[in-house]
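Novice: Give me coordinates for this.
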Amino acid sequence: MNLPYKIIDNFLNKKEIEEIHQTIFSDNFAWYIASHQHTVSSYDLKENKDNNTLDYFQFCHILYFLKDNQTLVNSDYHYLADKIISRSNLTNKIIRAKVNLQTQNKDATLETYNCPHIDMDENHLAAIYYVNDSDGFTFLFDFDNNIVEKIIPKKGRLLLFDGKLKHASGHPVHSLKRCIINFNLTT
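Specialist: Numbers count the residues shown, from 1 in each chain. Purely as a prediction, here's the structure:
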C-alpha cells in the first residue's frame, strides 16, 4: 500500500540541528508531565488499544496550541517550531506544535507502542521532527489498523504524513530518551 508520507533526512543543516538539540536538552527548558497519564486520550486508549499497546507517560512542552479555532503561542521557544516549518518550504500554517519526551521504558520491547491515534479530527498535515537518535520507532498504520511502516528516530529527520493516518510512538528501550517535535499543520 502506498501511504501518503515522506521522510527527509538531514532536514536542517548541522548547526541548526545541534542548536535545537542543545536548546531542548538544556537545563533551562521546562518539561511538563502530560495532562493525562498516557500519551493519548482515554477515548483513544479504549478504542484503539491492541496487543502491542503499552501506553506510558511522557513529558511535553507545548509551543503552540489551538483555542477557539485560533492558534496561540504558548512558549518563548516557539521559534524552534517556526525555524523547522520555515525551512520546509511548506505553505501550511501551524495549528499545534509541541515537544514530546519519553524516557527509557525497560518494560517495553521494540514492537510495543503507545496507543495508535490521530492528533485531531480535522483534515491536517502531521509532521514529526526527531530531536535525537533513539530506538523508539514511529509506527504508521493503514486504515485497517495494520502496521505498514516503522520509522526509526534519527536526529535531524523530518517525517511528514497525512494527519488522518493513525500513528503511535514506540518506546525507547535501549536509548535513555526519545524526543520529537510534533506538528499539526493546515492542509
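Novice: quick one, helices of this protein?
Specialist: Read by DSSP state H, the chain holds these helices, from start to end of the chain: 14-24, 42-48, 78-87.
Novice: now the longest one against helix 78-87, angle please.
Specialist: Using axes from the mean of the first three to the mean of the last three C-alpha atoms, to 10 degrees, one finds that helix 14-24 and helix 78-87 are set 150 degrees apart in direction.
Novice: Flag every buried residue along helix 14-24.
Specialist: Taking 16 or more other C-beta atoms under 10 Å as the neighbour-count basis, helix 14-24 is seen to contain the buried residues 17, 20-21, 24. Every C-beta, even on glycine, is put in place using the N, C-alpha and C of the backbone.
Novice: What helices and strands are in contact with it?
Specialist: Contact partners of helix 14-24 among helices and strands, from 3 or more C-beta pairs under 8 Å, 6 or more residues apart in numbering; DSSP states H and E: helix 78-87.
Novice: what is the mean pLDDT for the helix it packs on?
Specialist: Along helix 78-87, the predicted local confidence has a mean pLDDT of 94.
Novice: low pLDDT regions in the chain?
Specialist: For the chain, the stretches flagged by pLDDT under 70 are 1-3, 35-48.
Novice: can you give me the strands in it?
Specialist: For the chain, the strands defined by DSSP state E occupy 5-8, 32-33, 59-67, 70-73, 94-103, 125-130, 138-141, 147-151, 158-162, 167-169, 177-185.
Novice: With distance to Ile84 and mean neighbour count added, can I get those strands in JSON lines?
Specialist: Formatted as JSON lines, these follow (distance: least, C-beta to C-beta, whole Å; neighbours: other C-beta atoms under 10 Å):
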{"stretch": "strand 5-8", "distance to Ile84": "11", "mean neighbour count": "14"}
{"stretch": "strand 32-33", "distance to Ile84": "21", "mean neighbour count": "10"}
{"stretch": "strand 59-67", "distance to Ile84": "10", "mean neighbour count": "17"}
{"stretch": "strand 70-73", "distance to Ile84": "15", "mean neighbour count": "13"}
{"stretch": "strand 94-103", "distance to Ile84": "9", "mean neighbour count": "22"}
{"stretch": "strand 125-130", "distance to Ile84": "5", "mean neighbour count": "23"}
{"stretch": "strand 138-141", "distance to Ile84": "16", "mean neighbour count": "22"}
{"stretch": "strand 147-151", "distance to Ile84": "17", "mean neighbour count": "16"}
{"stretch": "strand 158-162", "distance to Ile84": "7", "mean neighbour count": "20"}
{"stretch": "strand 167-169", "distance to Ile84": "18", "mean neighbour count": "25"}
{"stretch": "strand 177-185", "distance to Ile84": "7", "mean neighbour count": "23"}
